[in-house]
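J.: Sharing a sequence plus its predicted fold:
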Amino acid sequence: MFNKRTKIKMLLSSGKEGEQVTVMGWVRTFRNNQFIALNDGSTNHNLQVVAALGAFDEALLKRITTGASIRASGLLVASLGKGQSIELKAGSIEILGDSDAEKYPLQPKKHSLEFLREIAHLRFRTNTFGSVFRIRHSLAFAVHKFFHEKGFVYLHTPIITSSDAEGAGEMFRVTTLSPDAPPRNEDGSINFKEDFFGKSANLTVSGQLEGELGAMAFSEVYTFGPTFRAENSNTTRHLAEFWMIEPEMAFHDLEDNMLLAEEFIRYLIGFVMDNNREDLDFLAQRLAEEEKSLPQDKRSELGLIEKLEFVRNNEFQRLTYTEAIDILRESNHNKKKKFQYPVEGWGVDLQSEHERYLVEKHFKKPVILTNYPKEIKAFYMRQNDDGKTVAAMDILAPGIGEIVGGSQREERLDRLETRMREMHIPAEELSWYLDTRRFGTVPHAGFGLGFERMVQFVTGMTNIRDVIAFARTPKNCEF
Ligand code: 4AD
Ligand code: MG
C-alpha cells in the first residue's frame with residue numbers, strides 16, 4: 001500500500017510532538033537548502049518539512065524544487081518558525097515527481113487571475129484556487145444535505161434532450177450527422193430523421209420540465225447537474241456550461257417557493273461560514289487587498305465575511321416587477337441618464353445594471369422580484385388574474401445580479417395550451433409534459449439556482465471563470 005500518510009490539515013490541527021508521520025504533497029518553496037513548505041491541497045497552510053543540514057545528499061536536495069512532489073517521513077517537533085506550532089523533522093525524503101524549476105509556470109510569487117486562467121490546469125495549486133474549490137465542494141455537499149434532510153428526491157434529468165425548456169433557442173446541437181454532407185429533405189433542410197436519435201437533439205438548458213414530471217409523483221425533487229447555453233454573452237457572469245440546482249415542488253405556490261429559495265441560500269451561506277472559515281478568511285483578505293486598488297466608489301461597503309453574515313441573518317427584500325420599475329424610473333440615476341438602458345415604460349426586461357442598482361444602491365440587500373410581465377418570461381409560468389403578469393420570481397444578489405430564477409407553474413391545461421399556442425411552441429412535442437396537467441395536476445412551483453453564481457457570491461470572486469474548474473465561454477474551450 002502506498003498511501004499511508006496523514007493529511008497536512010489534520011497534522012496542523014491535531015498533530016502531537018513526538019509522533020512519527022508520513023506526508024506527501026507538492027513543494028511550494030524550498031529555503032536555505034533546509035526548509036520545505038509542503039502543501040497537499042487539504043489546506044492553504046503549508047507544513048514545514050525540515051531537511052537537517054548535512055543529513056541528505058546534495059543530489060536529492062537539488063531535486064526539491066517548487067512544484068515537485070515528495071514523500072517525507074519523520075518526527076513531529078515543536079516549531080521555532082513563525083506562523084506554525086509544529087513541523088516535520090524529516091528522517092527520509094523521497095522525490096515522487098521532479099519539477100523543472102526553470103520551466104514551472106507557477107513561480108512562488110503573485111500571479112494575476114488572468115494569467116492563472118491560461119494555466120488553469122495548474123492553478124488549483126495556488127492558495128486562491130485552493131480556497132475557491134474547497135468552498136465549491138462544500139457548497140455542493142451542502143446542497144445535497146439541505147434537500148436530503150427535507151425529504152427531496154435527487155432526480156438525474158437527462159443531459160441530452162430534444163426539448164428547449166426555456167423556449168429561448170440557445171441550444172447546442174447534439175448530432176452524429178456529417179457536417180460536410182448531411183442528409184437533406186426535399187426542401188433542402190437537414191433531415192434529422194437520419195440522425196442518431198431520429199430527431200434533432202441538443203444539450204439541456206434546464207432540467208425543469210423533467211423535474212416537474214418527478215414532482216408529480218415524489219412531491220418534491222431537485223436536480224443538480226450541468227446545463228448548457230449557447231448564448232453569446234461574454235460577461236463575468238455567463239458560462240456556456242454551468243451547473244444548476246433546480247428544486248421542483250408539488251403543492252407549492254409562489255410564496256412557498258420564495259420561502260424555500262431564501263431559506264436555501266441562507267443555509268448554503270451558513271454552511272460555508274461554519275465549515276470553511278479558514279478558506280473564507282483567506283478569500284476575504286484577498287478581496288480586501290484587491291479592492292484597495294479600486295477608486296473609493298467602486299469598493300464594497302462590507303467585507304466578504306460581513307456581507308455573508310448580513311445575508312445569512314437578514315430577510316430578503318420582496319417587491320413586484322411593477323414596484324421595481326417605479327423605483328428605477330424615479331431614481332436620480334435614471335433621471336441623470338446614468339443607465340445605459342434608460343427605464344421608461346412598463347414591460348421592458350430588466351438589464352443587469354438595473355438589477356444591480358436595486359440591490360446595491362437602493363435596498364443594499366438581496367431582493368426577490370415577483371410578477372413579471374408575461375411577455376418577457378417562459379411559457380410554463382402561471383398566469384396571474386390581471387392578464388398581464390406571471391407568478392415569476394427572480395432573486396437578485398449584490399455584486400452578482402440574478403442568482404435564482406423561478407416561478408409557480410401553470411397547472412391549468414387550457415391556460416397552458418393557449419399560452420403555448422401564442423408563443424408558437426408545438427404542443428405535440430411536449431405532450432408528455434402536458435400529460436401531468438391531464439392526470440392529477442396540482443399547484444406546483446420551482447426555481448433554478450446558478451451554482452457558479454452562488455460560488456461567486458460566497459467567495460467574492462468577480463469573474464465566473466474563476467469559480468469553475470475549466471470554463472467554457474464563447475471562443476474558449478481549453479483543457
Ligand atoms: O433563469 P433561468 O434561465 O431559469 C431556468 O432555467 C429555469 N428553468 C429554472 C427553474 O425554474 N427550474 O436560470 C436559472 C439560473 C439563473 O438565475 C442564473 O443564476 C443561472 O441559472 N444562469 C447562469 N449561470 C451561468 N451562466 C449562464 N449562462 C447562466 N444562465 C443562467
Ligand atoms: Mg432567468
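T.: Perfect, I can see it now. Ligands and ions are numbered 1, 2, ... in the order given.
J.: residues near Glu410, how many?
T.: Number of residues near Glu410 (other CB atoms under 10 Å) recorded here: 24. Quick note: C-beta positions are derived from backbone N, CA and C, even for glycine.
J.: my read: it touches Asn384, true?
T.: No - the criterion here is CB atoms under 8 Å, and Glu410 misses it with Asn384 at 10.5 Å.
J.: For the protein, what lies in contact range of ligand 1?
T.: By the rule CB under 6 Å from any ligand atom, the part of the chain lying against ligand 1 is 165-166, 206, 208, 229, 231, 238-239, 242, 244, 246, 402-406, 446-448, 450, 452-453.
J.: List only buried entries from these.
T.: For these, a neighbour count by 16 or more other CB atoms under 10 Å gives the buried set as 165-166, 206, 208, 229, 238-239, 242, 244, 246, 402-406, 446-448, 450, 452-453.
J.: among these, which are in strands?
T.: Of the positions in those, Phe242, Met244, Glu246, Glu402, Ile403, Val404, Gly405, Gly406, Gly446, Phe447, Gly448, Gly450 sit in strands, assigned by DSSP state E.
J.: Reformat those residues as JSON lines; add pLDDT.
T.: Output for these, formatted as JSON lines (pLDDT from 0 to 100):
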{"residue": "Phe242", "pLDDT": "98"}
{"residue": "Met244", "pLDDT": "98"}
{"residue": "Glu246", "pLDDT": "98"}
{"residue": "Glu402", "pLDDT": "96"}
{"residue": "Ile403", "pLDDT": "97"}
{"residue": "Val404", "pLDDT": "98"}
{"residue": "Gly405", "pLDDT": "98"}
{"residue": "Gly406", "pLDDT": "98"}
{"residue": "Gly446", "pLDDT": "98"}
{"residue": "Phe447", "pLDDT": "98"}
{"residue": "Gly448", "pLDDT": "98"}
{"residue": "Gly450", "pLDDT": "98"}
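J.: Need the max-distance pair from these.
T.: Maximum pairwise distance among those (CB to CB): 17.6 Å, between Phe242 and Gly446.
J.: circling back: adding distance to Ser219, write the ones in strands among the buried ones among the residues of the chain next to ligand 1 out as CSV.
T.: Formatted as CSV, these follow (distance: CB to CB, whole Å):
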residue, distance to Ser219
Phe242, 27
Met244, 21
Glu246, 15
Glu402, 27
Ile403, 25
Val404, 21
Gly405, 22
Gly406, 17
Gly446, 12
Phe447, 16
Gly448, 19
Gly450, 25
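J.: Buried ones in stretch 149-162, by neighbour count?
T.: The neighbour-count check on stretch 149-162 (16+ other CB under 10 Å) flags Phe152, Leu155, Thr157, Thr161 as buried.
J.: Kindly report the same for stretch 367-379.
T.: Applying a neighbour-count criterion of 16+ other CB under 10 Å, one finds Val367, Ile368, Leu369, Thr370, Asn371, Tyr372, Pro373, Lys374, Lys377, Ala378, Phe379 buried in stretch 367-379.
J.: do the same with stretch 345-361
T.: For stretch 345-361, a neighbour-count test (16+ other CB under 10 Å) marks Val348, Leu350, His354, Glu355, Arg356, Tyr357, Leu358, Val359, Glu360 as buried.
J.: contacting residues around the fifth one?
T.: I take that to be Arg356. Applying CB atoms under 8 Å, 6 or more residues apart in numbering to Arg356 gives the contacts Leu396, Pro398, Gly399, Gly401.
J.: neighbours around the last one, how many?
T.: By other CB under 10 Å, the residues close to Gly401 number 22.
J.: what does the third one give?
T.: Other residues within reach of Gly399, judged by other CB under 10 Å, total 16.
J.: what's near enough to touch Tyr341?
T.: Counting by CB under 8 Å, 6+ apart, Tyr341 has contacts Val348, Gln351, Glu353, His354.
J.: what's the distance between the last one and Lys361?
T.: As for His354, its distance to Lys361 is 11 Å (criterion: CB to CB, to the nearest Å).
J.: Check the first one too.
T.: Look at Val348 and Lys361: by CB to CB, they are 19 Å apart.
J.: circling back: nearest to Thr462 among the buried residues of stretch 149-162?
T.: Thr157 (30.8 Å).
J.: Please name the nearest non-neighbouring residue to the closest one.
T.: Spatial nearest neighbour of Thr157, chain neighbours left out: Gly207 (3.3 Å); criterion: CB to CB, 6 or more residues apart in numbering.
J.: looking at it, the one you found is touching Glu246, isn't it?
T.: Yes - here Gly207 reaches Glu246: they are 5.4 Å apart, a contact under CB under 8 Å.
J.: joint contacts of these two?
T.: With CB under 8 Å, 6+ apart, Gly207 and Glu246 have common neighbours Thr223.
J.: Backbone dihedrals for the closest residue in space to Gly198 that isn't next to it in sequence, please?
T.: Spatially, and ignoring its direct neighbours in sequence, Gly198 is nearest to Phe192 (7.6 Å; CB to CB, 6+ apart). With angles defined as degrees, to the nearest 10, Phe192 sits at phi -80, psi -10.
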